[in-house]
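Enquirer: For reference, the sequence and a predicted model appear below.
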Amino acid sequence: MSTKPTTTDLEWTAVDQRAVDTVRVLAMDSVQKVGNGHPGTAMSLAPAAYTLFQKVMRHDPADADWTGRDRFVLSAGHSSLTLYIQLYLAGFGLELDDLKAFRTWGSKTPGHPEYGHTTGVETTTGPLGQGVANAVGMAMAARYERGLFDPEAAPGTSPFDHFVYAIAGDGCLQEGISAEASSLAGHQRLGNLILLWDDNHISIEGDTETAISEDTMKRYEAYGWHVQRVEPKENGDLDPAALYAAIEAAKAVTDRPSFIAMRSIIAWPAPNAQNTEAAHGSALGEDEIAATKRVMGFDPEQHFEVSDEVIAHTRGALDRGREARGEWEKAFAAWRTANPQRAAEFDRIRAGELPEGWEEKLPEFETGKGVATRAASGKILQALGAVVPELWGGSADLAGSNNTTIDKTSSFLPADNPLPEADPYGRTVHFGIREHAMAAVMNGIALHGNTRIYGGTFLVFSDYMRNAVRLSALMHLPVTYVWTHDSIGLGEDGPTHQPVEHLASLRAIPGLNIVRPADANETAIAWREILRRYTKEFGVGAPHGLALTRQGVPTYERNEDAAKGGYVLFEADGGEPQVVLIGTGSEVQLAVEAREQLQAAGVPTRVVSMPSVEWFEEQDQGYRDAVLPPSVKARVAVEAGIGLTWHRYVGDAGRIVSLEHFGASADGKVLFREFGFTADAVAAAARESIEAAAR
């Protein structure tokens with residue numbers, strides 16, 4: 001099927017213009033009714049959004065998750081009405097009452113679009129710039145998906161070919177994340193990505209001249225994008241015909257992403273509010289709304305006015321969508337017939353299932369041998385890569401340190417890249433030194449569907465990623481963060497690179513599972529459990545962060561209970577435990593050594609390894625009590641970071657061996673000794689806890 005434009009002529013009737021003006025009425029009335037919101041951008045963007053949803057995009061409002069659909073991302077999420085009103089007009093399931101309930105409790109129209117909450121919303125946007133990076137991720141995922149299922153097809157002929165459209169505002173493009181993501185998109189030559197810039201010159205503080213003076217179009221040219229400018233009509237309104245022609249031209253450029261600058265006037269055509277910062281984030285007021293309705297030929301006494309003619313016209317999107325999906329399904333059926341093995345793979349992946357026997361490929365590591373968990377993770381990824389083709393990922397230029405190279409011979413890069421391993425459909429992603437964009441791009445990849453993505457950097461740099469990680473959790477996305485160099489154990493790079501507060505801080509994000517395995521075998525179980533949790537059989541998903549060591553740690557016998565988040569690694573000898581030692585990651589070995597000291601002194605001691613607090617909390621109370629008996633009040637938790645996580649587990653009589661200050665530059669072993677992370681210190685804390693519990 002061809003995705004090349006057949007015409008640059010836009011069919012535009014008086015009813016289309018009335019529909020666009022209806023969008024403006026609904027935007028004004030929705031914000032005025034609730035008393036807060038962002039009407040101005042939704043008003044000025046009405047022609048652009050309408051053109052996309054009614055004239056350009058391939059979608060079926062009756063089947064919002066159709067694989068062959070184009071994707072739309074509203075990066076300027078504060079203007080959520082720009083999207084909601086189009087979903088209402090096209091028939092995605094929103095109705096007029098939903099617009100009347102805008103930004104109120106329990107409504108389908110929250111202040112910013114939320115994925116999974118409102119049908120037709122492809123991603124949760126709010127923090128500016130995130131949507132730009134999400135769109136880049138969707139475009140990358142579309143290319144990788146094509147490589148999985150239909151790599152030989154000529155450009156524009158595959159049922160897996162589609163476009164990703166995004167609308168961004170001035171604020172989106174000022175945020176650094178959009179620069180990172182746009183640079184990556186240009187480097188990757190993502191010809192399936194079209195970004196529309198709402199160049200309205202207004203932000204909350206007024207004219208954008210207060211903050212920015214660069215030539216944004218030249219910036220995007222420098223990124224390697226195809227760049228166009230759409231001039232407004234003489235009256236200042238966006239010109240749908242010019243925009244349509246620009247989009248069609250963009251679709252014809254298949255070797256670069258496209259950037260279309262749209263000069264608009266915020267709150268157009270409000271007589272007094274247009275081109276003002278007040279129109280950005282405040283209701284226009286009844287008088288201004290009435291005046292604007294008169295300008296457009298609407299009854300100022302009516303609210304939420306939608307004529308039968310307009311809604312009948314825009315709901316024609318349902319018929320067009322049904323027809324487009326029918327044509328696509330014919331092409332898809334032909335592909336299935338010609339590619340039965342790939343079709344079976346597609347069905348498996350689409351169903352959220354893993355290949356039969358995949359778990360058997362996971363390596364088991366020899367006990368006693370010292371292995372860094374980052375190194376173990378790398379071997380696990382390479383083993384999984386051989387049997388799970390939908391698994392792909394990379395690193396923020398730290399692959400050699402993160403051990404995230406799933407295939408050294410296959411890099412996800414455009415065909416004209418000079419590197420010998422370059423492959424448009426390659427397995428290993430080079431995100432570059434762009435941690436923030438990497439996280440949001442991975443969100444976009446996960447949202448697109450049909451692949452499984454991971455990305456790595458040092459744990460300390462999770463700070464750069466935090467906003468996007470938080471959105472991963474908010475959207476329940478199957479994204480895996482590989483965070484290595486997880487403590488002062490990384491050594492000489494010093495306190496700027498040594499995470500101290502990060503584990504506790506990340507555990508504070510609702511819905512994010514942090515996994516800090518003690519050894520290589522726990523790492524294998526962690527990867528297995530993470531992939532298992534990303535299957536549809538498991539239910540609601542969650543992103544995972546793997547915290548892995550730079551330094552080698554002892555390898556213990558494999559224990560399947562590691563998948564429960566916490567388990568008894570070594571039981572007390574000589575009776576019921578008098579004290580329980582709880583450890584994670586590289587500090588588990590200290591608990592094991594301390595146990596040996598305590599046991600030699602006649603103190604029955606249990607060691608609990610707790611790789612994931614979140615997984616442990618999912619277990620029933622009986623299991624948790626079996627691991628941490630309520631009768632044993634003497635407890636010690638040891639982790640080379642702040643102790644915030646562990647107070648609830650050790651109780652009043654417990655002790656925490658933690659790090660409540662920044663690190664230093666020295667060998668990791670020296671730092672552990674100097675900062676009190678030793679078996680002696682853990683044993684001493686255990687004796688203190690036993691005494692405290694006896695009082």
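Expert: Arrived safely, thanks for sending.
Enquirer: Contact partners for G643?
Expert: 504, 637, 656, 658, 660 (Cβ atoms under 8 Å, 6 or more residues apart in numbering). C-beta: built from backbone N, CA, C; applies to glycine.
Enquirer: Go again with 10 Å.
Expert: 504, 637, 650, 655-660 (Cβ atoms under 10 Å, 6 or more residues apart in numbering).
Enquirer: and of these, the nearest to T13?
Expert: Distance to T13 across the contacts of G643 (Cβ to Cβ) is lowest for A504, with 59.5 Å.
Enquirer: That closest one contacts I656, doesn't it?
Expert: No - counting by Cβ atoms under 10 Å, I656 is not a contact partner of A504; they are 11.3 Å apart.
Enquirer: Quick check: neighbours shared by the two?
Expert: Counting by Cβ under 10 Å, 6+ apart, the residues touching both A504 and I656 are 639, 642-646.
Enquirer: okay if I get the residues you listed as TSV plus pLDDT?
Expert: Converted to TSV, the shared contacts of A504 and I656 look like this (pLDDT from 0 to 100):
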residue	pLDDT
E639	98
I642	98
G643	98
L644	98
T645	98
W646	98
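Enquirer: quick one on the thing from earlier: with neighbour numbers in mind, choose between A504 and I656.
Expert: I656 (21 against 18; other Cβ atoms under 10 Å).
Enquirer: The more buried one should be in a strand, yeah?
Expert: Yes - assessed by DSSP: H, G, I helix; E, B strand; the rest coil, I656 belongs to a strand.
Enquirer: which residues sit in contact with it?
Expert: 582, 635-639, 642-647, 649-650, 685, 689.
Enquirer: Sitting in helices, which of those do you find?
Expert: 647, 649-650, 685, 689 (DSSP state H).
Enquirer: Could you give me the PyMOL syntax to select whichever of the residues you listed are buried?
Expert: A single PyMOL command selects the buried members of those (16 or more other Cβ atoms under 10 Å):
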select buried, resi 649+650+685+689
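Enquirer: okay, the ones in helices among the contacts of I656 in a markdown table with pLDDT and distance to Q174 next?
Expert: Conversion of the ones in helices among the contacts of I656 to a markdown table gives the following (pLDDT from 0 to 100; distance: Cβ to Cβ, whole Å):
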| residue | pLDDT | distance to Q174 |
| --- | --- | --- |
| H647 | 98 | 41 |
| Y649 | 98 | 43 |
| V650 | 98 | 46 |
| A685 | 98 | 49 |
| S689 | 98 | 52 |
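Enquirer: and the two most separated of the contacts of G643?
Expert: Of all pairs in these, the most separated under Cβ to Cβ is A504 and R655 at 17.0 Å.
Enquirer: List the single closest residue to R336 in space, sequence neighbours excluded.
Expert: Leaving aside its chain neighbours, R336 sits nearest to A343 (4.2 Å; criterion: Cβ to Cβ, 6 or more residues apart in numbering).
Enquirer: and the one you found, what helix or strand is that in?
Expert: Assigned by DSSP states H and E, A343 belongs to helix 340-350.
Enquirer: Report the backbone C-alpha coordinates of that helix in CSV.
Expert: Extracted in CSV, the C-alpha atoms of helix 340-350 (Å, rounded to 0.1, in the frame of the first residue of the first chain):
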residue,chain,number,x,y,z
PRO,A,340,3.1,-17.7,7.7
GLN,A,341,6.1,-17.9,10.2
ARG,A,342,6.3,-14.2,10.7
ALA,A,343,2.5,-14.1,11.0
ALA,A,344,2.7,-16.7,13.8
GLU,A,345,5.4,-14.6,15.5
PHE,A,346,3.2,-11.5,15.1
ASP,A,347,0.3,-13.3,16.7
ARG,A,348,2.4,-14.4,19.7
ILE,A,349,3.9,-10.9,20.3
ARG,A,350,0.5,-9.2,19.8
